[in-house]
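> this one's structure only:
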């Protein structure tokens, strides 16, 4: 994407790229029973606070406890640790989400200590859906994913294959997987390979 | 593959955890006043009991929190 | 042919063709290779491993110690039991002499693993297991039922009656009920091979070998990783033989196995059969075989046992006179009688299959009434039911399956381990050719423990792990020692219960999925640019970018020259990055780093070293102060995860009062060092609104700016000694910013360089790589970085150790430079260093240290190395010797900074400062 302007070389705009750009074709070849969809550019901020109530207004729900996520389409809160949550949003920019977290927290509890870190590019998101979605996960995830144990609203920071993930249960046969960007290609390859039985 | 109970996340496979050795070995308040032998004892010497052992674990692949657990070194079983 | 009509569950309407030892035979769907061979009259399967004696099939399932084959088609695999190989059309196999041969072609099959969880896992779908599964399912449990046979029913033959129905109807009804329950998973052809802590069981499912046309994408074998709240072991029992002289001939097998072959496959193992037994169950076998057309003679030494036809005697030998395949033709009794026969069936009672109970440290106890070892204590998190628990009667099995206590059954037990005969021809472990004589030799050598006897004789160490021989070895050892077998015990069962292929254990962790490949946001660009990659931990890093015709040395010399004379650019994104935030962030870093970090001003950068409490360097890197309460810590690539863990450990376990939080931002930020005298031009063009003069943007400072609306961080950091900037940007915009820098650098000849060039550039400056130039025994003083050790701070991690006598030893290994006297000779990394010499003294030669890094330098016009040398700092100027491939290479010891020791280059060329 290079154009020459009066002898100087300048590139096009600085366009963002997702960690799984280029995988759409292989994902699209999967059957309906196992669908994979990269969901790039979700803003994510890591929030540390002893007063999670301070962020309720932003999330639109109480912040979740262990092994759970809460919130709506606009902002989701995922429990990462006893004083740590990951806020994600597909609609806000990283700066907007980071700013909103700081402002909401400060407004609700001016004296509360709140650490907010933009980690939007730290992880990338993959959506796994379909009748065999759980089968695929069960080839490499040791936690109990049977629906009575892991349903909509469940979350786990755990291992999938040999990669650390944040796994969200969205509904029956519907999961969102957050993976460190450097592991994204490995995980995509791993998921495609796991799905091959249902090709 | 043992299960280890993270106080926050519940039972998880042991590969999610990192072992941290004997619990309760406090960093000396003022290392400078310790003799070489006392300092070496802090740095290098740990209990190695047969039986009940208080030890530190970190749920490194999960919530990243350190916790103290009691394990029997004969049976490997954790007290709950 | 020994197939009899009216028996077996094979599909006689279809014929399968197979080849064994080069001969073609026919069989039927439902056959195993063993049953098909026996049906064709093939009784000799192979030869024994040491003595080359003919061997046949001695049991009907996985307990068989003898029938090992090499399968060639459809899938080459060594050391399989003919009794467990499903017959498929076109199967090609060979008999073995105890040793197989690994396939030389790649294994193209898929293998995988699957996790599952349940409240109740039932192992074994015999009568006890089926009822246990049904009971748990009706209770509402999630149930997994595994069974190693193709169909449920266990040892049931179909002749029994359960609840007023034929046994098979009962099995079919129960399986149908379980199948209809969505919370029940039934896994046939699945062998639970290991039982571990906390209800964890590994089971191998054989998914495709029995199929005529295996689906391409279905894994051939699957390892199930089952986590159960309660494990029900319902694995039945193994019949055990009686050891007699020459008991290893083809045609000699377990009585129940012969009965199983008849009812399962319609195979009659002989026409003239002798049954030698001390157990009542063998009479049922005898009756069935007789009904199927054989003439059966029962030999039973127990007084009063059997009917009038029973010989009350002992079999003491066998012969194979005139037998072409070495199979048995007659047996000799202790009263001198010779009984001609074509099969000898042995039954010395039953051993509960308690392996999976033993795997979790369950202790077995000898039950004199049973004449066998059985589970002797309750199982934590599980139960053992049915024959595995020593309950051998059907009614008792059903009761235990239901969770009830069975009615006691009177037993006439008569334990007979062996009869009189030549011990060297009385085989205990038929696969290992181990005999009673071997046990006697072990005992005579002073062994008193069965564990020692096992290892001395190798009894129980073959593929079958002594399923039929282990307890007998204990019994015979006890007899020879003159102690009761209950006081001797048995050897410990350990996983796996049956052999498991490494391929199955590896599952999908092969090839590209063997280990995760971590990639940076620029990976596609590196690939396109033709980079040669190197593995750095799990990372794939671009090592160098060869141009056509270039090897690594040429490419690296070119890349180095570009960075020293023009401008180069590196993808340094793999460096670990930790956001340290909170009012006490500075306090934490002061305690962690050897130098002061709290005094760093926002907007500035400081290099720091971290040590363990032992005072040894564990990591180094730069620290950026973002604001009063926030720092960004850079770690080495390999240190990213361990150093975050290290910080969390101190923070959480020692200093929880500190108000600090740590967050990994390794992948959040991509970092590109832009390096060389022309780097200012590139950065100036990239961020035209930023004043990149030395005055405005001095060394070790940083600032945040925006380029086309994208937040970008610029930092004057140099890992090469050259004028350099590190450009950091979020991972989303990494590729775009990289391309922009390349485009803007093009007029200046910007040259992408890889890790190899990075290493040369830093080594020329004596900058150590933690983990390459250090090995966990190196202090900051050894590295010559005392300048980064604070004298002012009262304490930090590792400080106290610096004063230990060992840390002050002047003969510690210290980092120095080495210049080979021959400037063209590159020392291999890892080479040992000795005193200067023309000839090595006799060993042991005192070692002074070793070469840690070694390169060819464009800037120096020669080779050079870094090394850890005893008392190295005091040896600067001396000559030492490095033995390389037998040659004694003289080297000169220098300081570790070989290029621009005055540091004149880091602010760029004087003319443009």
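Okay, I see it. All of these numbers come straight from a predicted model, not from anything done at the bench. Residues are numbered from 1 along each chain as shown, chains lettered A, B, ... in the order given.

> can you get me the start-to-end distance on stretch C:610-629?
Stretch C:610-629 stretches 20 Å from its first residue to its last (C-alpha to C-alpha, to the nearest Å).

> check chain B for the residue nearest chain C and tell me.
residue B:31 (3.6 Å; C-beta to the nearest C-beta). Glycine gets a C-beta too; all of them are placed from N, C-alpha and C.

> got a list of what that residue touches?
Neighbour list for residue B:31: B:39, B:42, C:795, C:799-800 [criterion: C-beta atoms under 8 Å, 6 or more residues apart in numbering or on different chains].

> ditto for residue C:368
Contacts of residue C:368 by C-beta under 8 Å, 6+ apart are C:413, C:486.

> now with 6 Å, please.
Counting by C-beta atoms under 6 Å, 6 or more residues apart in numbering or on different chains, residue C:368 touches no other residue.

> now the residue of chain B closest to chain C: how far from residue C:454?
53 Å (C-beta to C-beta, to the nearest Å).

> one more: residue C:353?
From residue C:353 over to residue C:454 the distance is 18 Å, taken as C-beta to C-beta.

> please apply the same query to residue C:144.
33 Å.

> neighbour count winner among those two?
Between residue C:144 and residue C:454, residue C:144 has the larger neighbour count (other C-beta atoms under 10 Å in any protein chain shown), namely 29 against 26.

> ranges for the helices of chain B?
For chain B, the helices defined by DSSP state H occupy B:36-44.

> okay, now the domains of the chain?
Picking chain A for this. A:1-40+A:122-199, A:42-119 (automatic domain parsing).

> wrong one, I was asking about chain C
C:16-105+C:241-347, C:108-239+C:349-414+C:498-514, C:423-483, C:576-664, C:766-787+C:804-894.

> to residue A:73, which of the ones you listed lies closest?
Taking C-beta to C-beta, domain C:576-664 is the member of the domains of chain C nearest to residue A:73, at 25.1 Å.

> flag the shaky bits of chain B, pLDDT-wise.
Across chain B, nothing is flagged by pLDDT under 70.

> flag every residue of it that's near chain A.
Proximity of chain B to chain A, by C-beta under 6 Å from any C-beta of the partner chain, involves residues B:8-9, B:13, B:61-63, B:65.

> repeat that for 8 Å
B:1, B:8-10, B:12-13, B:15-16, B:61-65 (C-beta under 8 Å from any C-beta of the partner chain).

> how about chain B: which residue is closest to chain A?
Taking C-beta to the nearest C-beta, chain B has residue B:63 as its residue nearest chain A, at 4.0 Å.

> among the domains of chain C, which is nearest residue A:52?
Nearest to residue A:52, of all the domains of chain C, is domain C:576-664, at 13.9 Å by C-beta to C-beta.

> just how off-centre is that closest one within its chain?
Distance of domain C:576-664 from its chain centroid, counting by C-alpha atoms, centre = their mean, to the nearest Å, is 36 Å.

> now do the same end-to-end measure for stretch C:87-99.
22 Å.

> hey, where'd the strands end up in chain A?
Taking DSSP state E as the test, the strands found in chain A are A:2-5, A:8-11, A:35-39, A:43-49, A:69-71, A:76-81, A:84-89, A:114-118, A:123-129, A:155-160, A:163-171, A:174-180.

> residue C:626: which element?
strand C:617-627 (DSSP states H and E).

> list the buried residues in that strand.
Within strand C:617-627, the residues that count as buried by 16 or more other C-beta atoms under 10 Å in any protein chain shown are C:617-626.

> got any ranges where the chain has weak pLDDT?
Reading this off chain A. Residues of chain A meeting the criterion pLDDT under 70: A:1-11.

> I was thinking of chain C, sorry if that wasn't clear
C:1, C:910-913.

> show me where chain B has strands.
Under the criterion DSSP E, chain B contains strands at B:3-6, B:10-13, B:18-22, B:52-58, B:66-72.

> the fourth one to strand B:18-22, inter-axis angle?
Angle between the axes of strand B:52-58 and strand B:18-22 is 140 degrees (criterion: axes from the mean of the first three to the mean of the last three C-alpha atoms, to 10 degrees).

> so which bits of strand B:52-58 are buried?
Residues of strand B:52-58 classed as buried: B:53, B:55-58 (neighbour count, 16+ other C-beta under 10 Å).

> stretch C:594-603: end-to-end distance?
Terminal-residue distance, stretch C:594-603 (C-alpha to C-alpha): 21 Å.

> ok, and what's touching that stretch?
By C-beta under 8 Å, 6+ apart, stretch C:594-603 touches C:586-587, C:589-590, C:606, C:608-611, C:623, C:625-628, C:631, C:701-703, C:780, C:788-790, C:792-793, C:796, C:798-799.

> show residues contacting the helix or strand containing residue C:642.
Per DSSP H and E: residue C:642 is located in helix C:640-649. Applying C-beta under 8 Å, 6+ apart, the contact partners of helix C:640-649 are B:18, B:20, B:58, B:60, B:64, B:66, C:574-578, C:580, C:588, C:592, C:610, C:618-619, C:633, C:635-636, C:662, C:664, C:666.

> list the beta-bridge partners for the most centrally placed residue in chain B.
The structure's chain B has its C-alpha centroid closest to residue B:56; by C-alpha atoms, centre = their mean the separation is 2.1 Å. Taking DSSP bridges as the rule, residue B:56 bridges to residue B:68.

> residue C:156 and residue C:783, how far apart?
As judged by C-beta to C-beta, residue C:156 and residue C:783 stand 73 Å apart.

> isn't residue C:470 right up against residue C:488?
No. Residue C:470 is beyond contact range of residue C:488, at 12.0 Å (criterion: C-beta atoms under 8 Å).

> so which of these two has more stuff around it?
residue C:470 (26 against 19).

> quick check: which element contains the closest residue to that one other than its chain neighbours?
Leaving aside its chain neighbours, residue C:470 sits nearest to residue C:460 (4.5 Å; criterion: C-beta to C-beta, 6 or more residues apart in numbering or on different chains). Using DSSP H and E, residue C:460 falls within no helix or strand.

> can you tell me which residues contact residue C:460?
C:429, C:454, C:466, C:469-470, C:473, C:491.

> what bridges to the residue of the stretch 101-250 of chain C found nearest chain A?
Residue nearest to chain A within the stretch 101-250 of chain C: residue C:117 (4.0 Å; C-beta to the nearest C-beta). In this entry, residue C:117 is beta-bridged to residue C:227, by DSSP bridges.

> residue C:885 - how many residues pack around it?
Burial measure for residue C:885: 7 neighbouring residues, criterion other C-beta under 10 Å.

> next one: residue A:99
Other residues near residue A:99 come to 15 when the count uses other C-beta under 10 Å.

> equivalent analysis for the one 10 residues further on, please.
The burial count assigned to residue A:109 is 16, neighbours taken as other C-beta under 10 Å.

> who are the contact partners of it?
When contacts are counted by C-beta under 8 Å, 6+ apart, residue A:109 touches A:51, A:53-54.

> can you list the strands that the strand holding residue C:626 pairs with?
Using DSSP bridges, strand C:617-627 pairs in its sheet with strand C:605-611 (antiparallel), strand C:630-635 (antiparallel).

> deepest in the core, which of the ones you listed is it.
For the strands paired with strand C:617-627, the largest average neighbour count (mean count of other C-beta atoms under 10 Å in any protein chain shown) is found in strand C:630-635, namely a mean of 24.

> quick one: that strand to helix C:640-649, angle?
130 degrees.

> got a list of contacts for strand C:630-635?
With C-beta under 8 Å, 6+ apart, strand C:630-635 has contacts from C:575-581, C:585-586, C:589, C:597, C:600, C:619, C:621-626, C:643-644, C:665.

> and the residue of chain A found nearest chain C, what does it touch?
Nearest residue of chain A to chain C (C-beta to the nearest C-beta) works out as residue A:121 at 3.1 Å. By C-beta under 8 Å, 6+ apart, residue A:121 lies in contact with A:181, C:521, C:667-670, C:730-732, C:734.

> great, nothing more from me.
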